[in-house]
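>>> What follows is a predicted protein model with its sequence.
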Amino acid sequence: MNSLEVAPVNWTVKAQEISFDVRPWINGRRIEASAKGHFATLNPANGDRLADLPACGAAEIDAAVSAARVAFERGSWANLSPRARARILMNFADAIERNADELALLDTLEMGMPIGAAAPDMRAAADAVRAVAEASDKLIDQVIPNDPSTLLLNLREPVGVVGAITPWNFPAYIGITKIAPALAVGNSVVLKPSEIASLSCLRLGELAAEAGVPDGVLNIVPGLGSGAGAALASHMDVDLLTFTGSTATGKRLIELSAQSNMKRLILECGGKSPQIVFDDIDDLDAIADAVVGSITFNSGQVCVAGSRLLVERSIHDALVERVLARAQQIEAGDPLNEATSFGPLASKDQHARVRRYYEAGQEEGAVAALPRGYSGRNDGCYWMPTVFTDVRSDMRIAQEEIFGPVLSVFAFEDELEAVRLANSTIYGLAASVWTRDLARALRLARAVKAGSVTITGKPGATAVDATAGAFEPHGQSGVGVEGGLDGMRAFTRLKSVSFAG
Ligand code: NAD
């Protein structure tokens, strides 16, 4: 190693040295929770108990919401100029980047994402904060044409106190993508992270404070969905709830909003995203790489995972053969090894869920074309990539979100059938289309019901950086916009102000 090379990180040693602070972050400090109950987080790679966290409930949520409200009314954040908030958010982004290794390691330990994917994810999260910071003085209000002696304005104001409830599949990243736009437009935030993986989000409170975010503006409360989660969702003083998680929980949050104060909701929920491949693409090897990558990244625990492969019949067998060959080559490994690209599922519950779908697929007559069902490392929390062929669209594995590395393959005859199959679930989160026919690509982009559609004409093409884009789910994949300038506007409300001369 010459003097310019950076020594490789020994993640196993780092993991032994890391310490966990499990206490909630409320009003700018760690506090002792009054909750008596605890819940454990386990390392899914080996079952080790990592930490016992306080199962916070209504008392801690009340304290956090009240701190957020006081901070909001005080105006120490909401009344800063957007530029001043942006400077602090830039510091926050730098703090995330400086501490990226620690945040990534916490996520890897708690939910098993390989460190080689988790560490770059934190750098992407820092960039996502920078993107909203840069945009914070560009959400321009409107002057409405009117009688010349009068003036009518539409002003945007922060909504007030934002509650955020997040899942475990990208714990810190999704936490940051909720916190950053809500803060950028002047709100105060109370975040309840997933009980499977809360530790990285708890650290974000400290990093935001170091960056200059005033006390009470960002609060993080660990707890169970039925405890802290439900308390936040039904709180009478939360103005907006932003949620990422399952469709079932999203529906429950609609009920809790209706039963409490009609708080506004942004719900980013489940998906069953199609990857649609037409036969005008000639490099089947490259497509197979992309298809397998899409269903195995983070062990398939990605909301936009391409879990349904729709292939034009003339290339079905040739593509499936290549997909199987690649899936077969995937090796599971220790998530703390930088060379590992495929780790365990996040929990035993998640493993049991994937196993149930594996069994359901076979019972309903689909063919597990990759006969690795229970072999290899299909133990503990590891589940090896599984491909189902001969799938009918009425089967559960065709309709329901599995959230694991399980691909269901369908053949289609023509464009019409491809669109019908693509739109045949209750979801509408994302879709990818492989074709070189531009006219067809445009037709598909409009016809497929999904919040984001990726068209690729050339396998291996550079991936689009979608940070600045906004998307809005269809169907039961959710409600409301996330991302980009529209995603920031979603955390504001419009006020009409008129001057009558
Ligand atoms: P989940 O719905 O079980 O839990 C998500 C969060 O909701 C957790 O913090 C949980 O504690 C909380 N929660 C559960 N019950 C609650 C209740 N009654 N009241 C209030 N809060 C409650 O989801 P999960 O298993 O953590 O995550 C996986 C799901 O997330 C998948 O369905 C996936 O598609 C979805 N997801 C969607 C996106 C997106 O952008 N659309 C991104 C990532 C994950």
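In hand now; what should we look at? Because the structure is a prediction, the values reported are computed rather than measured.
>>> how about the closest residue to residue 235 other than its chain neighbours, what does it touch?
Distances taken as CB to CB, 6 or more residues apart in numbering place residue 65 nearest to residue 235, at 5.4 Å, with adjacent residues excluded. (Each C-beta comes from the backbone N, C-alpha and C, glycine too.) With contact taken as CB atoms under 8 Å, 6 or more residues apart in numbering, residue 65 is in contact with 161, 163, 190, 219, 232, 235, 237-238.
>>> what packs against the worst-scoring helix or strand of the chain on mean pLDDT?
Ranked by mean pLDDT, DSSP states H and E, the weakest helix or strand in the chain is strand 367-368, scoring a mean of 86. Contacts defined by 3 or more CB pairs under 8 Å, 6 or more residues apart in numbering; DSSP states H and E place strand 367-368 against helix 348-363, strand 386-389.
>>> any chance you could map the strands in the stretch 201-350 of the chain?
Secondary structure of the stretch 201-350 of the chain (DSSP state E, counting those that start in this stretch): strands located at 218-220, 240-244, 264-268, 274-277, 308-312.
>>> quick one, longest helix in the chain?
Counting residues, the longest helix in the chain under DSSP state H turns out to be helix 115-135.
>>> how far out from the middle of the chain is the helix or strand harbouring residue 182?
Using DSSP states H and E, residue 182 sits in helix 171-184. Taking CA atoms, centre = their mean, to the nearest Å, one finds the center of helix 171-184 at 10 Å from the center of the full chain.
>>> what do you get for stretch 86-96?
On CA atoms, centre = their mean, the centre of stretch 86-96 falls 21 Å from the chain's centre.
>>> Ok, stretch 209-216 next?
25 Å.
>>> now swap in stretch 24-43 and tell me
Worked out by CA atoms, centre = their mean, stretch 24-43 lies 23 Å from the chain centre.
>>> And that stretch, what's buried?
Residues of stretch 24-43 classed as buried by neighbour count (16 or more other CB atoms under 10 Å): 24-28, 31, 33, 35, 39, 41-43.
>>> cool, stretch 43-58 as well?
For stretch 43-58, by 16+ other CB under 10 Å, it's 43-45, 50-51, 53-58.
>>> Mind telling me the two of the residues you listed farthest from one another?
Spanning the widest gap among the buried residues of stretch 43-58 are 45 and 58, at 34.3 Å by CB to CB.
>>> Would you agree residue 410 is in contact with residue 309?
Yes: under the criterion of CB atoms under 8 Å, residue 410 makes contact with residue 309 at 7.1 Å.
>>> Would you map out the domains in this protein?
What the record gives for the chain is the domain set 11-269+480-498, 274-467, from automatic domain parsing.
>>> Of residue 410 and residue 309, which one has the most company?
Comparing residue 410 with residue 309 by other CB atoms under 10 Å, the one with more neighbours is residue 309, at 28 against 24.
>>> Hmm, that one is touching residue 409, no?
Yes: applying CB under 8 Å as the test, residue 309 and residue 409 come out as touching, 4.6 Å apart.
>>> Need the overlap of contacts for these two.
Counting by CB under 8 Å, 6+ apart, the common neighbours of residue 309 and residue 409 are residue 323.
>>> circling back to that earlier point, make CSV from the helices and strands packed on strand 367-368 and add mean neighbour count to it.
Output for these, formatted as CSV (neighbours: other CB atoms under 10 Å):
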stretch, mean neighbour count
helix 348-363, 17
strand 386-389, 24
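>>> Turn the ones you listed into CSV, including mean pLDDT and distance to residue 320.
Shown next, in CSV, are those (pLDDT from 0 to 100; distance: least, CB to CB, whole Å):
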stretch, mean pLDDT, distance to residue 320
helix 348-363, 95, 15
strand 386-389, 94, 6
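>>> could those go into JSON lines alongside distance to residue 127?
Converted to JSON lines, those look like this (distance: least, CB to CB, whole Å):
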{"stretch": "helix 348-363", "distance to residue 127": "29"}
{"stretch": "strand 386-389", "distance to residue 127": "34"}
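>>> mind putting those in CSV, distance to the ligand included?
CSV is the format used below for the helices and strands packed on strand 367-368 (distance: least, CB to the nearest ligand atom, whole Å):
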stretch, distance to the ligand
helix 348-363, 7
strand 386-389, 18
